[in-house]
Structure formats: C-alpha cells, structure tokens
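Undergrad: okay, sequence plus prediction incoming.
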Amino acid sequence: MVESKTVAPDDQPLLVADNLGKNYGRLVACRDVSFSLYPGEVLAIVGESGSGKSTLLQLLSAQLAASAGRVSYRMRDGVLRDLAELGEAERRFLFRTDWGYVHQDPAQGLRMAVSAGANVGERLMAVGWNHYGRIRDTASSWLERVEIDTGRIDDAPRTYSGGMRQRLQIARNLVTEPRLVFMDEPTGGLDVSVQARLLDLMRNLVSELGLAAIVVTHDLAVARLLSHRVMVMKGGRVIETGLTDQVLDDPREPYTQLLVSSILPA
Ligand SMILES: Nc1ncnc2c1ncn2[C@@H]1O[C@H](COP(=O)(O)OP(=O)(O)O)[C@@H](O)[C@H]1O
Ligand SMILES: [Mg+2]
C-alpha cells in the first residue's frame, strides 16, 4: 500500500543495541545494554520506576543521543545502519513511516484538537498521499480496525475517552505499515477493563501485521500478554533476559523474583 516492502530476512536482526548507555551528569540512567531484535519479535522492557526503561526506549528510537555505545537499524534496503549517522531524510523516513511510537499519554502522540480522521490521515500525507477520498477511506477503515465508531471520524480526540484515544494513537501509528513500533507504558493510566480490551487489540494487530515491537511496561501482565522476550532492568542495567514465559514463571534473579511476586513498587 504505502510502498512495497523489502523485509529483512527473519534470521537477520532488525535492530541491534551495542553497549548502550546514557548519563545525566553523574547519574547513570542506563548502561551496557546490548541485544538484537528480530523482525516480528515483541520485546518487553520491565523494571521498577526509575530503572531506566524510558531512557532506554528513547535511545533505541533515536530520540535521545547515547552517551556510550550505539544503536543500528536495518533499513528497508537491508543495510544495517548506525542511527547516529543517518541523514535528515533517512531519520524522517524512520519517524514518519517505518517506525511507530505509542506514548503513554495520548496527548503526546495525537493532535487533540483536530479530527480523528485528520490524525490518521496526516501520517499518510506525510508519506506523499494526496487524494482526499483515499486518505479518508483509509483513515476510516483504520478506525474500524481499532474499534472506533466511524461516525466519530470528524470528532477531535479531546472528546474521546482514554481508551479510544489510545486506540486512535495506535491507528495513527500503524496506518503507514511500520516495521517496528515503540510503546512506552501503552496501557498506563487506563481502567483495568479498558486495558484488557486494548491489550487484546494490540496483540491481534501485532500478530496480523507481523510487527516488531519494543514495549516498556511496569505491568508484567502486559509483558506476559504481548511479548515473546523480556528484559528486566534494575538501576539502569539489564539484569535478566529470556523468553517471557521462562522469565516470568521461573525467574533466576532475586530481583526478578521480587518483581514477579509484586513485592516491589511499580
Ligand atoms: N532528562 C533527565 N534528566 C535527568 N535525569 C533523568 C532524566 N530522565 C531520566 N532521568 C533519571 O534517569 C533514571 C531513569 O529514568 P527513566 O528512564 O525515566 O526510568 P523508568 O522509565 O524506568 O521509570 C532515573 O533516575 C531518572 O530520574
Ligand atoms: Mg518510564
């Protein structure tokens, strides 16, 4: 639809972090993080508040410059590139097309005062769509996909409930068929029943679209439901990593055991 995809072969990583670190003055927010993410893989980053999850996500998505190490991403031509060395056009392509970013606070990911249809359509216009009817039809079909009544297409998200706003944010991100979606506490701040519906929707979309995703959450139920693999952070370091079921059912590290038994504050 947007353009033909040359998807990287599944045995080649989509994103690679090498000894990634970030300091704020003397405070080490994140250090020595290395891992590879493969196409279609969902990775959860978990840990208590202040453990460095959001900092790591911002480093991985090139929103923050690293103090140490590097992040590489496989562009659609198959070449693995250091994010710090991309040109402006390549960065724009990643942010507008190949990546999605779902914020915990929908107000950061949406334009609250313009219509839902425009929120979705805007991403398409940014990648060169210019036919009003096609943009509107595509926006409308994405609203349906995220279970928003298409009768609300001309309403602004500030008139939407929290759950609807979050689903609209997802539609806006997925309409350009990204290969990788970053999410920071996507269900944070929502009622439990609303969270469950959102999680179910995200899980279906991620698997239908074969998306790779990196999800930051302090909620292990979110990690359990969405992710294949988990990284546990403490004090800015990754202290345990593995398949989600293994880590959550049989954690090796005492800290992860505490986290799983919900003794630690989220
Ligand atoms: N912009 C910043 N300036 C200074 N310190 C920061 C900044 N952002 C985060 N920190 C600090 O870095 C550490 C990790 O924060 P963060 O990545 O937000 O953790 P989490 O998302 O796991 O709650 C915390 O000690 C936090 O106070
Ligand atoms: Mg955070």
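TA: Noted; the coordinates are in hand. Numbering: from 1, shown residues only. Ligands and ions are numbered 1, 2, ... in the order given.
Undergrad: kindly state the beta-bridge partners for the most centrally placed residue in the chain.
TA: With distances taken as Cα atoms, centre = their mean, residue 182 lies nearest the centre of the chain, 1.7 Å away. Under the criterion DSSP bridges, residue 182 forms beta bridges with residue 101, residue 214.
Undergrad: so what's it up against?
TA: 57, 60, 61, 99, 100, 101, 102, 213, 214 (Cβ atoms under 8 Å, 6 or more residues apart in numbering). Yep, even glycine has a C-beta here, placed from its N, CA and C like the rest.
Undergrad: hang on, isn't residue 162 packed against residue 188?
TA: No. Residue 162 is beyond contact range of residue 188, at 10.3 Å (criterion: Cβ atoms under 8 Å).
Undergrad: of these two, who's got more company?
TA: A count of neighbours by other Cβ atoms under 10 Å puts residue 188 above the other of residue 162 and residue 188, at 17 against 14.
Undergrad: secondary structure class for the closest residue to that one other than its chain neighbours?
TA: Excluding its sequence neighbours, the residue lying closest to residue 188 (Cβ to Cβ, 6 or more residues apart in numbering) is residue 104, at 4.6 Å. Here residue 104 is recorded as coil under DSSP: H, G, I helix; E, B strand; the rest coil.
Undergrad: ligand 1 contacts on the stretch 51-200 of the chain?
TA: Within the stretch 51-200 of the chain, the positions lying close to ligand 1 (Cβ under 6 Å from any ligand atom) are 51, 52, 53, 54, 55.
Undergrad: in helices, which of those fall?
TA: If you go by DSSP state H, these have 53, 54, 55 in helices.
Undergrad: dump the residue contacts of the first one.
TA: If you count contacts by Cβ under 8 Å, 6+ apart, residue 53 has them with 45, 46, 47, 184, 216, 218, 233.
Undergrad: in strands, which of these appear?
TA: Filtering the contacts of residue 53 for membership in strands, criterion DSSP state E, returns 45, 46, 184, 216, 233.
Undergrad: measure the second one to residue 68 for me?
TA: Read that as residue 46. Counting by Cβ to Cβ, to the nearest Å, the gap from residue 46 to residue 68 is 23 Å.
Undergrad: now swap in residue 191 and tell me
TA: Taken as Cβ to Cβ, the span from residue 191 to residue 68 is 40 Å.
Undergrad: go on, residue 184?
TA: 22 Å.
Undergrad: spatially nearest residue to residue 65 (excluding sequence neighbours)?
TA: residue 84 (7.1 Å).
Undergrad: so where's the chain shaky on pLDDT?
TA: 1-10, 263-266 (pLDDT under 70).
Undergrad: how about the helices of it, start to end?
TA: Assigned by DSSP H, the helices in the chain fall at 53-60, 88-93, 106-109, 116-126, 132-145, 162-174, 192-209, 220-226, 244-249, 254-260.
Undergrad: who wins for proximity to residue 72 among those?
TA: Minimum separation from residue 72 across the helices of the chain (Cβ to Cβ) falls at helix 53-60, 10.6 Å.
Undergrad: got the CA positions of that closest one in PDB?
TA: What follows is helix 53-60, C-alpha atoms only, in PDB (Å, rounded to 0.1, in the frame of the first residue of the first chain):
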ATOM      1  CA  LYS A  53      13.200   1.900  30.900                       C
ATOM      2  CA  SER A  54      12.000   5.100  29.200                       C
ATOM      3  CA  THR A  55      15.600   6.300  28.800                       C
ATOM      4  CA  LEU A  56      16.500   3.100  27.000                       C
ATOM      5  CA  LEU A  57      13.400   3.300  24.800                       C
ATOM      6  CA  GLN A  58      14.300   6.900  23.800                       C
ATOM      7  CA  LEU A  59      17.900   5.800  23.000                       C
ATOM      8  CA  LEU A  60      16.600   2.900  20.900                       C
END
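Undergrad: tell me how far that helix is from the chain's mean position?
TA: 11 Å (Cα atoms, centre = their mean, to the nearest Å).
Undergrad: buried ones among the contacts of residue 182?
TA: 57, 60, 61, 99, 100, 101, 102, 213, 214 (16 or more other Cβ atoms under 10 Å).
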